[in-house]
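In: curious how this folds, go ahead:
(one chain, ligands or ions: 1)
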Amino acid sequence: MARINEHYQKLAAGYLFPEIGRRTRAFAESNPDAAIIRLGIGDVTLPLAPAIVDAMRRAAEEMGTPDGVHGYAPDQGYEFLLDAIREHDFATRGVELSRDEIFVSDGSKQDSGNIQEIFGADCRVAVTDPVYPVYVDTNVMAGRTGGADAEGHYEGILYLPATEANGFAPGPPDQAVELAYLCSPNNPTGTVAPRETLAQWVAWARDCGAVLIYDAAYDAFIQDPALPRSIYEIDGARECAIEMRSFSKRAGFTGVRCAYTVVPGELHGTTAAGERVPIRALWARRQATKFNGVPYIVQRGAEAVYSPEGRKQTAEQIAYYMENARRLREGLGGAGFTVFGGEHAPYIWLRTPEGLGSWDFFDALLEKTHVVGTPGAGFGPAGEGYFRLSAFNSRENVDEAIGRISGAF
Ligand code: MLT
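Out: Presented below is the predicted three-dimensional model:
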């Protein structure tokens, strides 16, 4: 019989969102009349913006003509999309990138899960706690950790508690590691790392030779223009950081699939013998071998996000979700919950009522109010006692959920 990768056996729990789906389905089956409101997984609910639909329709028609058919996409993405990204996401913020530093992909979940492959098996990894589970689980699968302890911390990973005291944006550790994952605006806490904290991380990474894996999948939800959207707005980050961005939440692409990862030319790693190797070359090699590019039709849709109409339409969608976030924050805050996040991110992070663990609160919320959220403990042990609500839903459902939750606990 084939030997399995036994590192998978160390995974302490199933992937978080399927588990929530399973519990929700079980509840729906035994309560067929319950009008369930889903504020669990952060999945968009608004239709694709018309500018994006038009661009994809035109691209599909082009593909149906002898001259317009497109086969495999270029490894790193079509130049029209790379240039739109460079101009609108970076040059406008004073960051210059070259085309070959951008890798268009089919999602930041994949990229943030796959990126660890190009680093040594013995690299030490730091994550915040709570954290997007993909960063941890993929390192467990790759064998960089031991088993999980009783609390759910994997041996060998350095966890940095993201707490109310540090604004859920911990600074760098007082020891060296090789890889550190950061996510801002943060999933799950919905908070954002201030410029000074990012500057501390960059200084630390340069000092100890670490690589920062900076997940900015929610950058478009930042409301304050003074807050950094890219890690490259911090001096020195080109030598120490990889950045991931996504069209999923910003333009409703969760079912379309398009994202990109930036690997600057200055970023280097080392071999055991001490030879300096550009990380960009490794990621290019990995992608060329394992990935055949994002479809032409999808990349034309992503390009349309940057057109004048696309920018306006997607900005309206983000404003809609952020108004949902404001209502959740203020509505539940007014109902006595202690609430965080939701100002620069589409997630609300709330303390569970006294004495209720976060999975217990999940069950009680579903039972009493028919509202689905995400237990904080699903994002790591320090998430225990907290709960995440997503702002991705209709205004009616969000208002209804606030009404149902207020007074239920
Ligand atoms: C979430 O709800 O945390 C996200 O939708 C998950 C993801 O982006 O993969």
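In: alpha carbons only for contacts and neighbour counts from here, please
Out: Will do.
In: OK, contacts around the residue of the stretch 301-409 of the chain found nearest the ligand?
Out: Nearest to the ligand in the stretch 301-409 of the chain, going by C-alpha to the nearest ligand atom, is residue 390, at a distance of 7.4 Å. Listed by C-alpha atoms under 8 Å, 6 or more residues apart in numbering, the contact set of residue 390 reads 39-42, 325, 346-348, 373.
In: helices of the stretch 251-400 of the chain, residue ranges please.
Out: Ranges of helices in the stretch 251-400 of the chain, per DSSP state H, counting those that start in this stretch, are 279-290, 296-304, 308-334, 358-369, 395-405.
In: end to end, how far does stretch 111-118 reach?
Out: Length of stretch 111-118, first residue to last, C-alpha to C-alpha, to the nearest Å: 11 Å.
In: make that stretch 364-376, sorry
Out: Using C-alpha to C-alpha, the two ends of stretch 364-376 sit 14 Å apart.
In: over to stretch 184-201?
Out: 13 Å.
In: repeat for stretch 253-269
Out: End to end - C-alpha to C-alpha - stretch 253-269 spans 33 Å.
In: buried stuff in it?
Out: 253-254, 256-265, 267-269 (16 or more other C-alpha atoms under 10 Å).
In: could you dump the helices of the stretch 251-400 of the chain to a markdown table with mean neighbour count and mean pLDDT?
Out: Listed next are those as a markdown table, based on neighbours: other C-alpha atoms under 10 Å; pLDDT from 0 to 100:
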| stretch | mean neighbour count | mean pLDDT |
| --- | --- | --- |
| helix 279-290 | 16 | 98 |
| helix 296-304 | 24 | 98 |
| helix 308-334 | 19 | 98 |
| helix 358-369 | 19 | 96 |
| helix 395-405 | 17 | 98 |
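In: quick one: these as JSON lines, columns for distance to residue 25 too.
Out: Below are the helices of the stretch 251-400 of the chain laid out as JSON lines (distance: least, C-alpha to C-alpha, whole Å):
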{"stretch": "helix 279-290", "distance to residue 25": "34"}
{"stretch": "helix 296-304", "distance to residue 25": "31"}
{"stretch": "helix 308-334", "distance to residue 25": "24"}
{"stretch": "helix 358-369", "distance to residue 25": "11"}
{"stretch": "helix 395-405", "distance to residue 25": "19"}
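In: CSV for those helices, including distance to the ligand?
Out: Supplementary listing: those in CSV, determined by distance: least, C-alpha to the nearest ligand atom, whole Å:
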stretch, distance to the ligand
helix 279-290, 20
helix 296-304, 17
helix 308-334, 14
helix 358-369, 15
helix 395-405, 16
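In: any idea how many residues pack against the residue nearest to residue 378 when sequence neighbours are not counted?
Out: Leaving out its chain neighbours, the residue that sits closest to residue 378 by C-alpha to C-alpha, 6 or more residues apart in numbering is residue 16, at 6.0 Å. Residue 16 has 17 neighbours, counted by other C-alpha atoms under 10 Å.
In: quick one: pLDDT of residue 16?
Out: If you check residue 16, the pLDDT there is 86.
In: one more: the one 10 residues further on?
Out: In the prediction, the pLDDT value recorded for residue 26 is 95.
In: so what touches the helix or strand containing it?
Out: Element membership for residue 26 (DSSP states H and E) is helix 16-30. Helix 16-30 has contacts (C-alpha under 8 Å, 6+ apart) with 34, 36, 40-41, 133, 366, 372, 374, 378.
In: give me the distance between the two termini of stretch 107-120.
Out: 23 Å.
In: tell me the mean pLDDT for it?
Out: 98.
In: quick check: residues of the stretch 51-200 of the chain near the ligand?
Out: Counting by C-alpha under 6 Å from any ligand atom, the stretch 51-200 of the chain comes close to the ligand at residue 109.
In: show me the shaky parts of the stretch 51-200 of the chain.
Out: By pLDDT under 70, the stretch 51-200 of the chain has no low-scoring segment.
In: please, where are all the helices along it?
Out: 79-85, 108-114, 133-141, 195-208.
In: what does the first one contact?
Out: So the one you mean is helix 79-85. 99, 102, 104, 299-300, 302-303, 306.
In: one more pass at 10 Å, please.
Out: With contact meaning C-alpha atoms under 10 Å, 6 or more residues apart in numbering, helix 79-85 is reached by 76, 87, 89-91, 97-104, 260, 299-307.
In: now do the buried residues in that helix.
Out: 81-85.
In: can you check the longest one too?
Out: Using 16+ other C-alpha under 10 Å as the burial criterion, the residues of helix 195-208 that qualify are 195, 198-199, 201-206.
In: I'd like the next helix or strand past that helix.
Out: strand 211-215.
In: can you tell me the closest non-neighbouring residue to residue 187?
Out: residue 132 (6.1 Å).
In: burial of the one you found, as a residue count?
Out: Count around residue 132 with other C-alpha under 10 Å applied: 24.
In: how near is it to residue 281?
Out: Applying C-alpha to C-alpha to residue 132 and residue 281 gives a distance of 27 Å.
In: now residue 17
Out: From residue 17 to residue 281 the distance is 34 Å (C-alpha to C-alpha).
In: what ranges does the stretch 151-300 of the chain have for its strands?
Out: 157-161, 179-183, 211-215, 241-246, 259-262, 268-270, 276-278 (DSSP state E, counting those that start in this stretch).
In: tell me the bridge partners for residue 390.
Out: residue 347 (DSSP bridges).
In: list the contacts of the closest residue to the ligand within the stretch 51-200 of the chain.
Out: Residue nearest to the ligand within the stretch 51-200 of the chain: residue 109 (5.3 Å; C-alpha to the nearest ligand atom). Counting by C-alpha under 10 Å, 6+ apart, residue 109 touches 132, 134-135, 215, 217, 244, 246, 259.
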